Each structure stands twice: as C-alpha cells, then as structure tokens.
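Chemist: Provided below for reference: sequence and predicted model.
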Amino acid sequence: MIKLSRLTDYGVVVMTQINQSVGAVTTAHDLASATGLPLPTVSKLLKKLSKNNLLQSHRGVHGGYSLDRPLEQITVTEFIEALDGPVALTACVDGAEDTCNVESLCPVRGGWDRVNRAIRTALEEVSLADLCTPIQFADVAPTKSAQQLRTEHA
C-alpha cells in the first residue's frame, strides 16, 4: 500500500485553512482552533512548510504565517516532499532516501523507476488548489442503483 503520513494529510487541512484568508497572516493557535488539530502538530507543520518555501513566516507581535504563493502554484509532489521526503515507492528508485542491500543483484533493478516516474508525473499534474477544491457532483449524471443493476443481470 502506498500511504502518506498523517502529517501530510493534516498539512493539506492546514494549507486549505490558510488559503481561506489569502493575504492575511494567521497564527498557529488560530489554525489549531479552526482545524481542530493539536497546536504542537500545527506548529510542526508550519515550521516544515515555511522551511520548504510553501509558507512565509512573519515575526513580531502581529506575526504568523501566510502562503508563499497561491495553492495553484504548489504541486502535490512538492507538498508531499516538503513533509514526507522524496516520492519513492521502494528503496531502489531514483531519489529514495533508503538504500537496498541487494540492489546490484536484483533482477527488477530499475523497473520500479518507471512506475515511480509515472506516479511523480501524475502528482505533479495536481496542484494543492485542485486537491482542496471540492468536487462538484451536480454535473454528473446519476448512476443506476444496485437494485436496477441486479434486475438487469437477472
């Protein structure tokens, strides 16, 4: 299973909340209150996101955090890498932080690179704005109910 960390999931929530007040400076305390996330978790996220140039940190009495750039300009790949590190399916793909002890003997060495590149490409095509925007189902035609499908196949 490919699974992102809970911190990355929470990061999307925090970025979505910060995006609600574009141009304003928001504090960690305000974000924790608005999202229901623990303050230490929010603080950790804000530090990592500002360190990776996704947020701007503002010092002083009226300090806090603001978006470094619009969510449309932040790819999901960039966001994941800021919080979880490189997108790497296995230890033997290009960019993986771990190393594989049997890489030189592996019969599928390099095979995972193609899969990893495809996933990275797909993630690079999605922005945080895309991820944070609710899907509108009004334009989607209703599907058949389970009962209708059973009747058709009977």
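Modeler: Noted; the coordinates are in hand.
Chemist: now D113: how far from L105?
Modeler: According to C-beta to C-beta, to the nearest Å, D113 and L105 sit 17 Å apart. Bear in mind the C-beta positions are built from the backbone N, C-alpha and C, glycine included.
Chemist: neighbour count winner among the two?
Modeler: Legend: neighbour count by other C-beta atoms under 10 Å for D113 and L105, higher for D113 (17 against 8).
Chemist: make sure the more buried one is indeed in a helix.
Modeler: Yes - the assignment for D113, made by DSSP: H, G, I helix; E, B strand; the rest coil, places it in a helix.
Chemist: and stretch 68-78, how far out from the chain middle?
Modeler: Distance, stretch centre to chain centre, for stretch 68-78: 10 Å (C-alpha atoms, centre = their mean, to the nearest Å).
Chemist: in this protein, which segments are predicted with low confidence?
Modeler: Within the chain, the segments meeting pLDDT under 70 span 1, 91-104, 109, 134-154.
Chemist: now the strands for it?
Modeler: Taking DSSP state E to define them, one finds strands in the chain at 55-58, 64-67.
Chemist: do you know which of those strands lies nearest T26?
Modeler: If you check each of the strands of the chain against T26 by C-beta to C-beta, strand 64-67 wins as the nearest, at 5.1 Å.
Chemist: by contact count, what packs against the closest one?
Modeler: helix 6-20, helix 28-35, helix 39-51, strand 55-58 (3 or more C-beta pairs under 8 Å, 6 or more residues apart in numbering; DSSP states H and E).
Chemist: nearest to E72, out of these?
Modeler: Of all those, helix 6-20 comes closest under C-beta to C-beta, at 10.1 Å.
Chemist: just want the angle from that closest one to helix 39-51.
Modeler: If you take axes from the mean of the first three to the mean of the last three C-alpha atoms, to 10 degrees, helix 6-20 sits at 80 degrees to helix 39-51.
Chemist: with only the CA atoms kept, save stretch 118-125 in CSV.
Modeler: The C-alpha trace of stretch 118-125 is given here as CSV (Å, rounded to 0.1, in the frame of the first residue of the first chain):
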residue,chain,number,x,y,z
ALA,A,118,4.6,7.7,-13.6
ILE,A,119,3.4,8.4,-10.1
ARG,A,120,5.5,11.5,-9.7
THR,A,121,4.3,12.8,-13.1
ALA,A,122,0.7,12.2,-12.0
LEU,A,123,1.2,14.0,-8.7
GLU,A,124,3.0,16.9,-10.4
GLU,A,125,-0.1,17.5,-12.6
